[in-house]
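In: Got a predicted model here, sequence first, then my questions.
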Amino acid sequence: MLKVGDKVTFLNDVGGGVVLEIINERYALVENEDGFDVQYLISELVPAKSEKEYKLDGIEHVISVQEKVDSERKFERLEDFEKKTKGLVSYVKDEMEIDLHIEELIDSHHGMTNGEILSVQMANFKRQLNIAIRRKVKKLIVIHGVGEGTLRTEIRTELLMNYPDFEHHDASYRNYGYGATEIILY
């Protein structure tokens, strides 16, 4: 149960915030990371937890989680290094690649509906796209696979609706077959 002051992340949006007010049993007022007060459905808010609060089962899971945490910390250290040496080294990361295959995003998708899987994939796409924009990446390669084309269609619809200035097309067939989209961000 949420209460005033709880930190939350958004189920269908990128980022998070702090609960300012419980308006009624369905809605809460949340101050988002940008400092704006926004009304959200309580069902779309997920309480944020620290690493210590997660209960881990099995040594394989513990090792897997620790590897992911270590990898993220290593990436953060590299990012800090790049910021500190920006004046000394003119290094620009021009391209970013993300893989939206569900197996790459979560440990197990057993029992999830196709709609739930698509929702997880699109949330990750939006999050990674925003990261690429913030980092001023010039080209984003989105690996979505071939399948029935539902994820590919959703990605391209999102781009046309919310990012009409970004050019996009099929990525290199030689590198990705028909399973990837290239987005030009500059």
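Out: Good, I have the coordinates. Numbers count the residues shown, from 1 in each chain.
In: So which residues of this protein form helices?
Out: Applying DSSP state H to the chain gives helices spanning 59-84, 102-105, 114-134, 150-162, 173-176.
In: for the longest one, what is the average pLDDT?
Out: Mean pLDDT, helix 59-84: 67.
In: and what of the third one?
Out: Along helix 114-134, the predicted local confidence has a mean pLDDT of 91.
In: buried set for it?
Out: Neighbour-count burial for helix 114-134, with 16 or more other C-beta atoms under 10 Å as criterion, is recorded at 117-118, 121-126, 128-129, 132. Where you see a C-beta, it was placed from the backbone N, CA and C, and this is true even at glycine.
In: With the fourth one instead?
Out: Neighbour-count burial for helix 150-162 flags 151-152, 154-156, 159 (criterion: 16+ other C-beta under 10 Å).
In: relative to helix 114-134, how tilted is that helix?
Out: 50 degrees (axes from the mean of the first three to the mean of the last three C-alpha atoms, to 10 degrees).
In: Can you spell out which helices and strands pack onto helix 150-162?
Out: helix 114-134, strand 180-184 (3 or more C-beta pairs under 8 Å, 6 or more residues apart in numbering; DSSP states H and E).
In: Residue 177 and residue 146: what is the separation?
Out: According to C-beta to C-beta, to the nearest Å, residue 177 stands 7 Å off from residue 146.
In: mind giving me the domain ranges of the protein?
Out: 7-51, 91-186 (automatic domain parsing).
In: Low-confidence regions, the protein specifically.
Out: 50-65, 78-93 (pLDDT under 70).
In: looking at the helices of the chain, which is closest to residue 29?
Out: helix 114-134 (22.2 Å; C-beta to C-beta).
In: so how far is that closest one from its chain's centroid?
Out: Remark: helix 114-134 is offset 5 Å from the chain centroid, using C-alpha atoms, centre = their mean, to the nearest Å.
In: what angle sits between it and strand 180-184?
Out: Going by the same axes, to 10 degrees, helix 114-134 makes 30 degrees with strand 180-184.
In: if we can go back for a sec, reformat the domains of the chain as JSON lines; add distance to residue 74.
Out: JSON lines is the format used below for the domains of the chain (distance: least, C-beta to C-beta, whole Å):
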{"stretch": "domain 7-51", "distance to residue 74": "16"}
{"stretch": "domain 91-186", "distance to residue 74": "15"}
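In: Of all the ones you listed, which one is nearest residue 67?
Out: So among the domains of the chain, domain 91-186 is nearest, using C-beta to C-beta, at 12.0 Å.
In: to the chain's geometric centre, what's the distance from that closest one?
Out: Per C-alpha atoms, centre = their mean, the centroid offset for domain 91-186 relative to its chain is 10 Å.
In: what does stretch 36-54 give?
Out: 15 Å.
In: Show residues contacting that stretch.
Out: Outside stretch 36-54, the residues within contact range by C-beta atoms under 8 Å, 6 or more residues apart in numbering are 2, 6-13, 16-17, 19-20, 22-23, 25-32, 65, 69.
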